[in-house]
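Q: Quick one: sequence plus predicted model below, questions after.
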Amino acid sequence: MKFGQWLGLIATAAAALLLWNLREVLLLLFAAIVLAMALCTLVGVVQQRLGCRRPLALVASLLGLLTLLVVAIAAVVPPFVSQFQELLQQVPAALSLATRMLRQGMDQSSQMLYGKEALHWLQQSWQSQSSNGLDPATGLLRLLGLAGNLGSGLVELLFVIAVSVMIAIQPIAYREVFVLLVPSFYRRRFRQVLLLCGDALSSWMGGVLISSLFVGVLAGIGLSVLGVKLVAANALLAGLLNIIPNVGPTLSTVFPLSVALLDSPYKALAVLALYVVVQHLESYLITPSVMHHQVKLLPGLTLMAQFLFTVLFGPLGLLLALPLAVCLQVVIREVLIHDVLDPWKRLRTSEP
């Protein structure tokens, strides 16, 4: 290769390395773009309903979201905090009860299979671990690490919100800046691809909102029937964590299950059965019927995207796995297939 080609190759490798080192910042920017798309969709609806200009619709949308956030915090957070404090005080009793029930079940299973306590060595290891206390210095270091992670997470959240609001104020201007980063001959087509990505994200967010509302309502009704405390907070958690498929529903089960376990083990089993039924309804009835009219994502590809983006980007990659998969699906279909592979196929078939 010539010197210019070597120089271009080195510059490309350096740019790829720089982008990889900045992957967390780029992922935060993508999160801001997703949030800005949701805000732009809401602004469009408000502008269409009220017949006002975009700045006024944006202000009305932000005030409405802020009002909903304040009402939700005032209605959910105080009882949630009090219940969580009570749960923290009673967690040792709940853990000992769960451990004792698990040991009894293991003993009965071992006696039925082997006629003796074949798992006695495991019980001894549990007892030795429970007898060993936590080093105060280690606990302090863990507490400081948790505080640092919470602080950095809060700063990142504020950054995402600020950037998303800035993009929502002038979405077309920011889109044109992004279009200028590609070669001039492809800018018109790239603008169309960006518009398709925006439409796909808006459709996906609409489907997720409908599905999360169904999950929250069903969880709230079921928890009210079972008599579990803090129904509103648990239903809100179920709806919010439903955004993260496969992992979110499992996390949303932990708190109501712990609260129910403090009352009765049978109530905890009933809560577990309730959440299993709700998630099956969401997975096999609600989401397919909603997403069929919104975004067509195969379940296998969704699971692969979650695993891949979690390995590459960590917890934030897991949270943004589905919007990333939605955008990648549009890019692969429009750029790779329509713009690269299809013309090459037509060129090969036209050859004599």
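A: Here it is on my side, so go on.
Q: moving C-terminal of the helix or strand residue 257 falls within, what's the next helix or strand?
A: Using DSSP states H and E, residue 257 sits within helix 248-263. Scanning forward in sequence from helix 248-263 by DSSP H and E, the next helix or strand is helix 265-281.
Q: any idea of the mean pLDDT in that following helix?
A: Here helix 265-281 scores 83 as its mean pLDDT.
Q: buried stuff in it?
A: Burial within helix 265-281, assessed by neighbour count using 16 or more other Cβ atoms under 10 Å, is assigned to 267, 268, 270, 271, 274, 275, 278, 279. Any C-beta I mention is one placed from the backbone N, CA and C, and that applies to glycine too.
Q: what do you get for stretch 181-193?
A: Here stretch 181-193 shows 190, 193 as buried, counting by 16+ other Cβ under 10 Å.
Q: And the pLDDT for the nearest residue to residue 44 once chain neighbours are set aside?
A: Of all residues not flanking residue 44 in the chain, residue 57 sits nearest, at 7.8 Å (Cβ to Cβ, 6 or more residues apart in numbering). The model reports residue 57 with a pLDDT of 86.
Q: So what's the residue count around residue 57?
A: Residue 57: 20 surrounding residues under other Cβ atoms under 10 Å.
Q: Give me the phi and psi for it.
A: Dihedral angles of residue 57 (phi, psi; degrees, to the nearest 10) stand at phi -70, psi -40.
Q: and it, how far is that from residue 305?
A: Applying Cβ to Cβ, to the nearest Å, the value for residue 57 to residue 305 is 33 Å.
Q: And for residue 318?
A: Applying Cβ to Cβ to residue 318 and residue 305 gives a distance of 10 Å.
Q: cool, residue 210 as well?
A: 21 Å.
Q: Comparing those two, which residue is more hemmed in?
A: Taking neighbours as other Cβ under 10 Å, residue 210 and residue 305 compare with residue 305 leading, 23 against 17.
Q: quick one: contacts for that one?
A: By Cβ atoms under 8 Å, 6 or more residues apart in numbering, the contact list for residue 305 reads 321, 322, 324, 325, 328.
Q: between those residues, which is closest to residue 185?
A: residue 328 (23.4 Å; Cβ to Cβ).
Q: wait, what's in contact with residue 267?
A: Counted by Cβ under 8 Å, 6+ apart, residue 267 has contacts 226, 227, 228, 260, 261.
Q: where does the stretch 251-352 of the chain have low pLDDT?
A: 283-284, 286-300, 345-352 (pLDDT under 70).
Q: doesn't residue 158 make contact with residue 32?
A: No - in this structure, residue 32 is not within contact of residue 158 by Cβ atoms under 8 Å, at 10.9 Å.
Q: Looking only at neighbour counts, state which of the two leads.
A: residue 32 (20 against 10).
Q: Which helix or which strand is home to that one?
A: Per DSSP H and E: helix 23-50 holds residue 32.
Q: Would you mind pulling up the elements that that helix packs against?
A: Under the contact criterion of 3 or more Cβ pairs under 8 Å, 6 or more residues apart in numbering; DSSP states H and E, helix 23-50 touches helix 54-114, helix 136-169, helix 187-226, helix 299-313, helix 315-319, helix 321-331.
Q: Please name every helix or strand in contact with the strand or helix carrying residue 177.
A: Per DSSP H and E: residue 177 is located in helix 171-179. When contacts are defined as 3+ Cβ pairs under 8 Å, 6+ apart, helix 171-179 packs onto helix 187-226.
Q: Give the next helix or strand downstream of the helix it packs on.
A: helix 231-241.
Q: just how off-centre is that following helix within its chain?
A: Relative to the chain's own centre, helix 231-241 is displaced by 14 Å; criterion: Cα atoms, centre = their mean, to the nearest Å.
Q: List the residue ranges of the stretch 1-150 of the chain that fall below the pLDDT cut-off.
A: 1, 75-77, 79-95, 97-98, 101-150.
Q: make it 80
A: 1-6, 8, 19, 72-150 (pLDDT under 80).
Q: Quick check: the gap between residue 244 and residue 328.
A: Using Cβ to Cβ, residue 244 is found at 18 Å from residue 328.
Q: Neighbour count for the two, which is higher?
A: residue 244 (19 against 14).
Q: which residues touch residue 313?
A: Taking Cβ under 8 Å, 6+ apart, we find residue 313 in contact with 23, 24, 27, 320.
Q: redo that, cut-off 10 Å
A: 23, 24, 26, 27, 30, 319, 320, 321, 324 (Cβ atoms under 10 Å, 6 or more residues apart in numbering).
Q: same check, this time on residue 222
A: Here residue 222 is in contact with 228, 231, 234-235, 238, 256, 270-271, 273-275, 277-278 (Cβ under 10 Å, 6+ apart).
Q: Now flag whichever of these is closest to residue 205.
A: residue 238 (18.2 Å).
Q: Need the per-residue pLDDT for that closest one.
A: What the model reports as pLDDT for residue 238 is 83.
Q: In this model residue 221 seems to touch it, though I could be wrong.
A: No - with contact defined as Cβ atoms under 10 Å, residue 238 does not reach residue 221; the gap is 11.2 Å.
Q: who's more crowded, these two?
A: Remark: of residue 238 and residue 221, residue 238 carries more neighbours, 29 against 14, as counted by other Cβ under 10 Å.
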